[in-house]
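Asks: Sequence and predicted structure below; questions after.
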Amino acid sequence: TAAAAGSSSDGENARAAAELARRIAAEVARRRNFAIISHPDAGKTTMTEKLLLYGGAIHEAGEVKARANARSATSDFMALEKQRGISISSTAMTWQYQGSCLNLLDTPGHQDFSEDTYRTLAAADNAVLLVDGAKGIEPQTRKLFAVARLRGLPVFTFVNKMDRPALNGFEIIEQLEKEFGLQSYPVTWPIGSGDRFCGVYHRPSNKVLLYAKAGRGKAAASAQYELGDPALAGIIEADLREQLMEEVELLQILGDEPSAEEIASGAVTPMYFGSAFNNFGVDLFLQSFISLAVPPRPAKAKGNPAVLAALEPSEESSSSSNGSSSGSKAAGSTSIEGTVSPESTHFSGLVFKLQANMDPKHRDKVAFVRVVSGKFDKGMKVKVARTGRVVSLSRPQQMFAQSRATVQEGFAGDVIGLTNPGAFAIGDTIYAGPELSFPPIPSFSPELFAYLRCAPNQKKAFAKGVEGLLGEGAVQVLYSTDEYITDPILAAVGQLQFEVVQYRMKDEYGVDTTLEPLSFCVARWVLGGWPAVERAGRMFNTTVVKDAYGRPVLLFRNEFAFNQVIAEQGEKLGELSAFALP
Ligand code: GDP
């Protein structure tokens, strides 16, 4: 929208606008944005490294880990990070592969599992389920899968560590079906496992690719044979060959190639087998992935009809809690609910994560924004829907592999780090065109609870800190219904969140705190509110607390207590939610 100088004609402007629209459409079409869902130790770091290797984003295996170590040595977010040698801060990696632009959103696992893990997944368009071939589906995978399901993401399954003794492929297919109701479509199929791992059969090409251990960082150059090639008899032992032929037949019975729609909706998962460590099967996965994964999709939003395509009337929801109160003098008259196309020429983005003190030299806060539509340009001015404030995005950063590079432009599906402290909160919509706002990001069901306390003379700073950290989404806060107990109850999905809160309380607000863990592990919001709680009457093995908005929340010590209350009083309680609905 730069003011064209002098005599530039309407024709020229129209041409420029058309060119911009073409450019955006092309960039959106080649983008594939994804997150890896896995249980710790399944090989996510190793897989990430191998995937990056293919785009030349890194040059040697070991760099991702090495970088994680280097970071923990230099960054002071935190001393905590240093102590543990984990990286709290990697968020997104971008690289090019065969004409596609890949964005991998990092979902922290291990002890650093936190709400950020969920939120990051909420910014992804595709999920890659990484399974340890020996272990199958594990607990953390379940939690993350639930979020992917909630969002209707396409899921791609890579079964890793086939060079170790592994479950039979059909056992994993069955697990996925039983636990997740997910149908599998194996694109590759393993031949043996562990010491007898011979390679994979690639269904689209009807070829067998022989396994060879890789050298450092290099893809193993594996020999290829037609499935029926007699030469295989001299290479693969008879029993494994026989088994392969039987299994190939079984696969055919199991189902035809799924439609693009079945994959895009997450009903069927394309499945691959290999060994990330030995870089075997990763290239087959990646090639298939870029052709089947979905590009950035239209996003639901509320706002000006000039940027939104109206929803079908049945999809309309009546929530009107966030964001729409500000800067919308014309609210009511023009605001509609609809979807924003990623190809819209109007820029919009969603703040899905805030990170404190990433850069020791700046001690700044970085807001991570997922571009939802249009084109992001360095230095552009955007409006924050929540506050109506106009912010100039002059210091954008993108996480390119391991280093922070300054981005000049970005398109839907890209993640950009913005360093404008204080301007943003989690869930914020930013936009540069007609007004719009995205629905709030849900909070996730907490599983860890603890009273947070401070010395009596620090109450004021303490309250300020709790409010600040709560506003940032670092942790959820609940309160006792007993008016004499004013200590907040921190509620988190991961232990690290508690440690981060305590650290930042001290570091940023100068308050020493103590934690008193509570032995609850299940929380449910009562959607019917206090009247429903009253109707239910006395509930055993349940503690009733309230959230920051005064809404009733039930806490249970275990699933058993929860199920008991549901059986006895479920009807009176009415609908319960594991999430804090906005
Ligand atoms: P993460 O916790 O999911 O990030 O897992 P890592 O990538 O750190 O891997 C965990 C361990 O499994 C490491 O010791 C890896 O070397 C090992 N590993 C990863 N992939 C493979 C594989 O394909 N085969 C074997 N044998 N080990 C692997």
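Replies: Perfect, thanks for sending it.

Asks: Do you have the strands of the stretch 101-250 of the chain handy? List them.
Replies: Using DSSP state E, counting those that start in this stretch, the strands of the stretch 101-250 of the chain run over 126-132, 155-160, 183-186, 188-191, 199-202, 207-210, 224-226.

Asks: Which strands and helices lie in contact with the shortest one?
Replies: Spelled out, that is strand 224-226. Identification of packing neighbours for strand 224-226 by 3 or more Cβ pairs under 8 Å, 6 or more residues apart in numbering; DSSP states H and E yields strand 207-210. Quick note: C-beta positions are derived from backbone N, CA and C, even for glycine.

Asks: And for the second one?
Replies: Secondary structure elements in contact with strand 155-160, counted by 3+ Cβ pairs under 8 Å, 6+ apart, are helix 44-54, strand 126-132, helix 169-180, strand 268-273, helix 282-292.

Asks: Tell me how far the longest one lies from the chain's centre.
Replies: Chain-centre distance of helix 169-180: 23 Å, with Cα atoms, centre = their mean, to the nearest Å.

Asks: okay, the angle between it and strand 126-132?
Replies: Counting by axes from the mean of the first three to the mean of the last three Cα atoms, to 10 degrees, helix 169-180 lies at 120 degrees to strand 126-132.

Asks: Give me the angle between helix 169-180 and strand 155-160.
Replies: Using the same axes, to 10 degrees: helix 169-180 against strand 155-160 is 140 degrees.

Asks: try the first one
Replies: On the basis of the same axes, to 10 degrees, helix 44-54 is oriented at 100 degrees to strand 155-160.

Asks: distance between helix 44-54 and the chain's centre?
Replies: 17 Å.

Asks: Using JSON lines, please lay out the strands of the stretch 101-250 of the chain together with distance to the ligand and mean neighbour count.
Replies: Listed next are the strands of the stretch 101-250 of the chain as JSON lines, based on distance: least, Cβ to the nearest ligand atom, whole Å; neighbours: other Cβ atoms under 10 Å:
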{"stretch": "strand 126-132", "distance to the ligand": "7", "mean neighbour count": "24"}
{"stretch": "strand 155-160", "distance to the ligand": "5", "mean neighbour count": "26"}
{"stretch": "strand 183-186", "distance to the ligand": "18", "mean neighbour count": "21"}
{"stretch": "strand 188-191", "distance to the ligand": "12", "mean neighbour count": "24"}
{"stretch": "strand 199-202", "distance to the ligand": "13", "mean neighbour count": "25"}
{"stretch": "strand 207-210", "distance to the ligand": "15", "mean neighbour count": "20"}
{"stretch": "strand 224-226", "distance to the ligand": "21", "mean neighbour count": "14"}
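
Asks: Report how many residues lie close to residue 250.
Replies: Using other Cβ atoms under 10 Å, the number of residues around residue 250 comes to 12.

Asks: Quick check, central residue of the chain?
Replies: Nearest to the geometric centre of the chain sits residue 121, at 1.2 Å (Cα atoms, centre = their mean).

Asks: Touching, that one and residue 105? I think so.
Replies: Yes. Residue 121 is within contact range of residue 105, at 7.4 Å (criterion: Cβ atoms under 8 Å).

Asks: Nearest spatial neighbour of residue 348, chain-adjacent residues omitted?
Replies: Closest residue to residue 348 apart from its sequence neighbours, by Cβ to Cβ, 6 or more residues apart in numbering: residue 431 at 4.2 Å.

Asks: Tell me the bridge partners for that neighbour.
Replies: Residue 431 forms beta bridges with residue 348, residue 383, as assigned by DSSP bridges.
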